[in-house]
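>>> predicted coordinates and the sequence they were generated for:
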Amino acid sequence: MTDSETNGEAISPEGIVALRAELEQLEGTARTEMAARIKTARELGDLKENADYHIAKDDQGHLEARIRRLRERLRKATVVEASDAPAGSFAFGRTAEVLDESTGRISAWTLVGSTEANLAEGKLSIESPVGRALRDTPIGEQVSVETPRGIKAYRVQNLIER
């Protein structure tokens, strides 16, 4: 990633598609369902003492806040292609098998932006200490990272084409 790309939120092409899909769902189906919920609650009578109505209105506020946050993320997003990085290195958007040299465990990780990160899915944030250390590391090279559990050594074994 270049300095110009770090001005916005780095996001993969897949991540931007998922972001747009979530926003579309919230602005369409979710808003329609929320309006129906509020209408039904209103019909129950006195709004001052109508808990269903107040809960629905609170939920509507949360929905609208989520929509605003997603729009802002889309506005600031910078799509970063894996092909923009040096060949043969573990870079943003690329997937690699990484060896934890202290345990011998090999993990398949994809370097992604912080909002896409999900270690259970093998998506490692490029902003995390491990992600920063591994970024642009050539195949076969070892890096050391200070973690809360002490210094860890990792080696990029190979890149996985997806």
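Nice, thanks for sending it over.

>>> so what pairs up with Glu97 in the strands?
Beta-bridge pairing for Glu97 (DSSP bridges): Ala108, Asn158.

>>> which SS state does Leu70 fall under?
Put simply, Leu70 is helix when judged by DSSP: H, G, I helix; E, B strand; the rest coil.

>>> once you drop chain neighbours, what's closest to it?
Nearest residue to Leu70 in three dimensions, chain neighbours excluded: Leu23, at 4.5 Å (CB to CB, 6 or more residues apart in numbering). (Glycine included, C-beta is placed from N, CA and C.)

>>> mind checking which helix or strand that neighbour is in?
Leu23 is part of helix 13-25 when elements are defined by DSSP states H and E.

>>> and what of Asp52?
helix 51-76.

>>> report the buried residues of that helix.
53, 56-57, 60, 63, 67, 70, 73 (16 or more other CB atoms under 10 Å).

>>> lowest average confidence, helix or strand, in the protein?
strand 9-11 (a mean of 84; mean pLDDT, DSSP states H and E).

>>> not counting residues beside it along the chain, what's closest to the residue minimising distance to the centre of the chain?
The centroid of the chain falls nearest to Glu116 when counting by CA atoms, centre = their mean (1.2 Å). Distances taken as CB to CB, 6+ apart put Gly15 closest to Glu116, at 4.4 Å, once the chain neighbours are dropped.

>>> cool, and Leu159?
Closest to Leu159 by CB to CB, 6+ apart is Ala96, at 5.1 Å.

>>> list the residues that contact that neighbour.
Residues in contact with Ala96 (CB atoms under 8 Å, 6 or more residues apart in numbering) are 90, 108-109, 134, 139, 156-160.

>>> recalculate using a threshold of 6 Å.
Remark: with contacts taken as CB atoms under 6 Å, 6 or more residues apart in numbering, Ala96 is in contact with 90, 156, 159.

>>> tell me the contacts of the second one?
Going back to what we said before, that points to Val156. Val156 touches 90, 96, 98, 137, 139, counting by CB under 6 Å, 6+ apart.

>>> those residues: which two are farthest apart?
By the measure CB to CB, Val98 and Ile139 form the most distant pair in these, at 10.5 Å.

>>> which one's more surrounded, these two?
A count of neighbours by other CB atoms under 10 Å puts Val98 above the other of Val98 and Ile139, at 22 against 14.
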